[in-house]
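Novice: have a look at this prediction, sequence included:
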Amino acid sequence: MTAGIFSDEHAMLRKSIRVFVEKEVAPHVRAWEDAGQIPRTFWRRLGALGFLGLEFPTEYGGGGGDFLSSVVLGEEMARCRSGGVAFSVLVHTDMSSPWLTRFGTDAQKRKYLPRIISGESVCALAITEPGTGSDMAALATRAERRSDDYVLTGSKMFITNGVYGDLYFVAARTGPGSPERRHDGLSMFLVERGLPGFTVSRKLDKMGMRASDTAELAFVECPVPAANLLGTEGRGFQQLAEGLQRERLMAAVLALSGAAQALEDTIAYLRERTAFGEPLAARQALRHRVADLATELEAARQLVYRAATLYAAGEECVTEVSMAKLFATEVANHVAYDAVQMHGGYGYMREFPVEGFFRDVRLWTIASGTSEVMREIITKRLL
C-alpha cells in the first residue's frame, strides 16, 4: 500500500527497483550475509542502473530527481530481506553523500560525485566515536591546520561501509567549544581511503546487519588536504544537524518497509502451515494479531510519509521526523517479535527470513539517534 504522495514517475522507478531487487539482489543476500561483505560488482551495477544518483544534479551524472525518489529507493531496497544490504546502500546515497551536494565546492563535486554516482567510490559517514554515542558535541577527534593540510587524530566507531569504503565524511574538532556552546568548533572533511595515518582498526562483529561492513577507524597524524574541508570551518555541527533529519527519516523508511515485508512473509507462512487440521491463518488469535500489526504499520507509514512530504518541501520538520523515526522503528521491532512468534520454531531458524529481520531491525531504535533521544527531542518542542 502506498499513499498519494508519489507520482507516476515514482511508480515507474519503484517498478524498476523492485525488479532489480527480486532478480539481482534477493537471490544473493544469504551469501553476502555469510561473507559479511557486499561485492564491488553490486555497487557498480547500482551505478549503471542510475540508482545511486537519483537526486544528484545531472551535470555530474545524476538523475536530477527529488527526495521522494530516494524514499522509493529505500522502500524497495528494504524488501531484499537483508537489512545490511539496504542500510549500506542508503548510507551511501542518503546519509553521507548528500552533504557533498549541499555544502561542497564545485571542484569537490566534480572530483567526487561522478565516482559516487557510478558506484566506483563507496561512501561512509564517520561521526560516532567510542565514547560519544549520540552526543556530537563531545567529539574528540581533532583536525589541526598545518600549512596546506588539516592533520586528523582520533578514532571513530560503528562506521557503516567503514571497512571497504572509499570516501569518508569525517567530523572532527577544529576549534574549542564552550560550556554554553558545546557544538562550536566542529568541521567536516572528505577523507579518502589510503591516506597515511588512516587505518581500519577492526571490522566489528554484529548481531545483525551482517552483510553491512562496520568498522572502527583510527586517524594518527593523518594529513587531509585543506581543499577537502567540507563547508565552513567550525560550522560542522550545523551542517550535520541539517543532514540528521534526512538520515533519521530514511532510517524510519528502511525499518518500516522491512517490517512490511516481514509481515507479508508471515501471512504467507500462516496460509501454508497447518496445525490441528487447518491452516494457521484460520486461527482467530493469529488473524487478530496480523490485523493489529497491519494497523500499526499503516499508522507508522502515514507518520513517515507526512514527515517525508514536509522534508521534501523544505519545511521545518524536526518534530515530525523525530516522531516518525521513533514510532516506525518501535513498530518494526514489534512486528519482528510477533513475526517470529507466529512462525513458531521455524521463526528461530536461519532459513526463514524473519529470523534475520528480527536481528537486523533491532538496530533501528539505536542508530541515527536512539528512541530515548527521539523522545527527548519531541518533548523539548512540546514542553
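Specialist: Alright, I've got the coordinates.

Novice: helices of the chain, start to end?
Specialist: 8-20, 29-35, 40-48, 67-77, 83-93, 98-103, 106-118, 236-272, 284-312, 318-343, 353-361, 371-380 (DSSP state H).

Novice: which residues touch the fourth one?
Specialist: It refers to helix 67-77. 5-7, 10, 13-14, 17-18, 21, 25, 51, 54-55, 63, 85-86, 89-90, 93-94, 246, 250, 253-254, 256-257, 308, 311-312 (Cβ atoms under 8 Å, 6 or more residues apart in numbering). Just so you know, the C-beta spots here come from the backbone N, C-alpha and C atoms, and that holds for glycine as well.

Novice: and for the shortest one?
Specialist: Contacts of helix 98-103 with the rest of the structure, by Cβ under 8 Å, 6+ apart, involve 55-57, 108-109, 112-113, 116, 169, 188, 190, 230-232, 239, 242-243, 246.

Novice: neighbours of the nearest residue to E247 once chain neighbours are set aside, how many?
Specialist: Once flanking residues are discounted, E247 sits nearest to M95: 4.6 Å by Cβ to Cβ, 6 or more residues apart in numbering. Here the number of neighbours of M95 (other Cβ atoms under 10 Å) works out to 26.

Novice: for stretch 43-53, measure first residue to last.
Specialist: The straight-line separation of the ends of stretch 43-53 (Cα to Cα, to the nearest Å) is 12 Å.

Novice: what's the average pLDDT for that stretch?
Specialist: For stretch 43-53, mean pLDDT is 97.

Novice: in that stretch, what's buried?
Specialist: W43, R45, L46, G47, G50, F51, L52, G53 (16 or more other Cβ atoms under 10 Å).

Novice: show me the contacts for the closest residue to the fourth one other than its chain neighbours.
Specialist: Ranked by Cβ to Cβ, 6+ apart and with sequence neighbours excluded, the top spatial neighbour of G47 is G119, at 3.1 Å. Under the criterion of Cβ under 8 Å, 6+ apart, the neighbours of G119 are R40, W43, R44, R45, L46, G47, A48, L52.

Novice: and if we set it to 10 Å?
Specialist: The neighbours of G119, taking Cβ atoms under 10 Å, 6 or more residues apart in numbering as the test, are 40-49, 51-53, 92.

Novice: out of the residues you listed, who's nearest R30?
Specialist: F42 (14.2 Å; Cβ to Cβ).

Novice: do me a favour and get the end-to-end distance for stretch 11-30?
Specialist: 28 Å.

Novice: could you pull up the mean pLDDT of that stretch?
Specialist: 97.

Novice: just to revisit the earlier point, export the contacts of G119 to TSV and tack on distance to E272?
Specialist: What follows is these, written out as TSV (distance: Cβ to Cβ, whole Å):
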residue	distance to E272
R40	38
T41	35
F42	31
W43	36
R44	38
R45	33
L46	33
G47	38
A48	37
L49	33
F51	33
L52	37
G53	40
H92	37
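
Novice: I'd say L249 and S368 touch.
Specialist: Yes - counting by Cβ atoms under 10 Å, L249 touches S368, with 9.2 Å between them.

Novice: comparing these two, which shows the higher neighbour count?
Specialist: L249 (28 against 22).

Novice: tell me the confidence at the more buried one?
Specialist: 97.

Novice: who's in contact with the nearest residue to it once chain neighbours are set aside?
Specialist: Excluding its sequence neighbours, the residue lying closest to L249 (Cβ to Cβ, 6+ apart) is V321, at 5.2 Å. By Cβ under 10 Å, 6+ apart, the contact list for V321 reads 244-249, 251-252, 303-304, 306-308, 310-311, 369, 374, 377.

Novice: quick revisit: overlap in contacts of L249 and S368?
Specialist: By Cβ under 10 Å, 6+ apart, L249 and S368 have these common neighbours: K325.

Novice: dump the helices of the chain into CSV; add distance to T132 as well.
Specialist: Below are the helices of the chain laid out as CSV (distance: least, Cβ to Cβ, whole Å):
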stretch, distance to T132
helix 8-20, 35
helix 29-35, 29
helix 40-48, 29
helix 67-77, 26
helix 83-93, 19
helix 98-103, 19
helix 106-118, 26
helix 236-272, 13
helix 284-312, 26
helix 318-343, 20
helix 353-361, 24
helix 371-380, 13
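
Novice: thanks a lot, see you next time.
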